[in-house]
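Participant: What shape does this take:
(one chain, ligands or ions: 2)
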Amino acid sequence: MGLSLENIDVFYGSVHAVKDVSLQLETGQILALLGASGSGKSSLLRAIAGLEASSGQIVFDGEDVSRLPVHRRGFGLMFQDGQLFPHQNVGQNVAFGLRGRIPRGEWEGRATQLLETVGLPGTASRLVTTLSGGQQQRVALARALAPRPRLLLLDEPLSALDRALREQLSVEVRRIVKETGTTAVYVTHDQDEAFTVADQVAIMEDGVIARMGTPAQVWAQPGTRSVASFLGYSPILGAEEVAAFGVDVAPGSELACGPGAWSVADTAGEGAAVQVVESHAVRGAKQVTVRLDSGKIARVNLPIHTRVSEPSMRVKLDAGKCAQVTSGPIHT
Ligand code: ADP
Ligand code: MG
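Facilitator: Ligands and ions are numbered 1, 2, ... in the order given. Predicted structure coming up:
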């Protein structure tokens with residue numbers, strides 16, 4: 001049950017945008033498709049929606065929808081630009097997709113209910129153009145959910161909003177989608193947003209799913225050097241480089257350093273000496289940039305009042321805040 005993709009390919013002429021993607025998503029779960037710009041997220045989402053021609057099989061709750069037109073798949077869509085009708089009021093926008101699905105007499109009640117769900121009670125008679133950007137995206141979400149889609153597909157729904165609003169709304173979107181029990185695929189290039197919204201995260205790289213799992217699994221075991229690097233692990237060190245800090249890695253693996261992996265060594269025997277490049281205050285802490293023997297850069301956080309005047313300092317590496325990765329792709 002839920003969504004099942006088998007061997008999905010999308011081509012634009014000679015551009016192979018989605019390469020043999022297969023995945024499963026259980027009913028009621030939210031999947032984030034996360035990746036850099038151009039990695040194929042929108043192409044895959046549009047293929048699921050039926051907006052883009054694709055090969056392979058798209059099955060929802062046991063029904064093969066691969067050859068069905070967009071409107072027969074029973075999926076809801078929401079985009080970065082909510083594509084609301086400016087000449088209609090909020091209630092009419094929300095009721096847009098209800099035609100032919102529920103009797104006209106029930107439209108208003110359904111719209112009122114959805115507007116409450118998305119935190120905009122009492123706005124049905126307002127013109128959409130009088131709402132803020134964040135409020136308009138809430139209306140777009142209400143409109144997408146109104147026909148009770150069995151699968152909701154969202155493409156960068158919050159990307160046009162500023163970071164603070166995006167953080168707040170990503171929590172809200174998760175609550176609302178969960179509350180309505182809707183299965184969802186959510187495209188974003190922002191890992192914080194993906195990790196906030198999703199039950200499952202799939203990281204896309206150059207048309208393939210490089211890694212898929214729960215946010216905690218993907219973070220703890222990024223699998224490959226490129227996924228680790230995309231998630232913000234830095235630096236990524238070889239066996240020789242970490243040996244200097246008394247840390248081992250498995251043969252053929254590298255160590256990707258996560259936040260807080262580096263700290264000051266308390267005793268002379270601990271850790272190793274590194275070159276201090278510069279230091280500055282970051283959010284109530286002092287961040288020291290250091291250069292390892294190999295030339296790679298690492299960041300060490302210290303209490304803000306610590307004085308760092310030496311050209312070099314001793315630092316240690318906490319392997320528990322790092323991830324072992326391979327340099328080649330792993331497809332799971
Ligand atoms: P993302 O959503 O991850 O940014 P896209 O799915 O939009 O990535 O694009 C994946 C690849 O397909 C990119 O190389 C992009 O340039 C290409 N592409 C996307 N849409 C088209 C199109 N309509 N025609 C030709 N190439 C396209
Ligand atoms: Mg896109």
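Participant: going forward, measure contacts between C-alpha atoms and count neighbours the same way
Facilitator: Fine.
Participant: Which residue comes closest to Ala220 once chain neighbours are left out?
Facilitator: Ala323 (6.5 Å; Cα to Cα, 6 or more residues apart in numbering).
Participant: my read: the one you found touches Ala261, true?
Facilitator: No: no contact is recorded between Ala323 and Ala261 when judged using Cα atoms under 8 Å, the distance being 10.2 Å.
Participant: More neighbours: the two, which one.
Facilitator: Legend: neighbour count by other Cα atoms under 10 Å for Ala323 and Ala261, higher for Ala323 (24 against 20).
Participant: quick check, the more buried one in a strand?
Facilitator: Yes: residue assignment for Ala323, taken from DSSP: H, G, I helix; E, B strand; the rest coil, places it within a strand.
Participant: need the contact list for it.
Facilitator: Applying Cα atoms under 8 Å, 6 or more residues apart in numbering, one finds that Ala323 lies in contact with Ala220, Gln221, Pro222, Ala228, Leu255, Ala256, Cys257, Gly258.
Participant: what about it, distance to Gly97?
Facilitator: In this view, Ala323 and Gly97 are 46 Å apart by Cα to Cα, to the nearest Å.
Participant: Up against ligand 1, what does the stretch 1-150 of the chain have?
Facilitator: For the stretch 1-150 of the chain, the residues in contact with ligand 1 under the definition Cα under 6 Å from any ligand atom are Tyr12, Ala17, Ala36, Ser37, Gly38, Ser39, Gly40, Lys41, Ser42, Ser43.
Participant: Look up phi and psi at the fifth one.
Facilitator: When quoted as degrees, to the nearest 10, the phi and psi of Gly38 stand at phi 90, psi 0.
Participant: So it sits against Asp206, correct?
Facilitator: Yes: counting by Cα under 8 Å, a contact exists between Gly38 and Asp206, whose distance comes to 7.3 Å.
Participant: Comparing the two, which residue is more hemmed in?
Facilitator: Using other Cα under 10 Å as the criterion, Gly38 and Asp206 rank with Asp206 on top: 17 against 14.
Participant: pretty sure the more buried one is touching Val15, no?
Facilitator: No: in this structure, Asp206 is not within contact of Val15 by Cα under 8 Å, at 10.8 Å.
Participant: Against Tyr12, how distant is the closest residue to ligand 1 within the stretch 201-332 of the chain?
Facilitator: Of all residues in the stretch 201-332 of the chain, Gly207 sits closest to ligand 1, at 7.0 Å by Cα to the nearest ligand atom. The spacing between Gly207 and Tyr12, counted by Cα to Cα, is 12 Å.
Participant: Then Val139?
Facilitator: For Val139, the distance to Tyr12 (Cα to Cα) stands at 32 Å.
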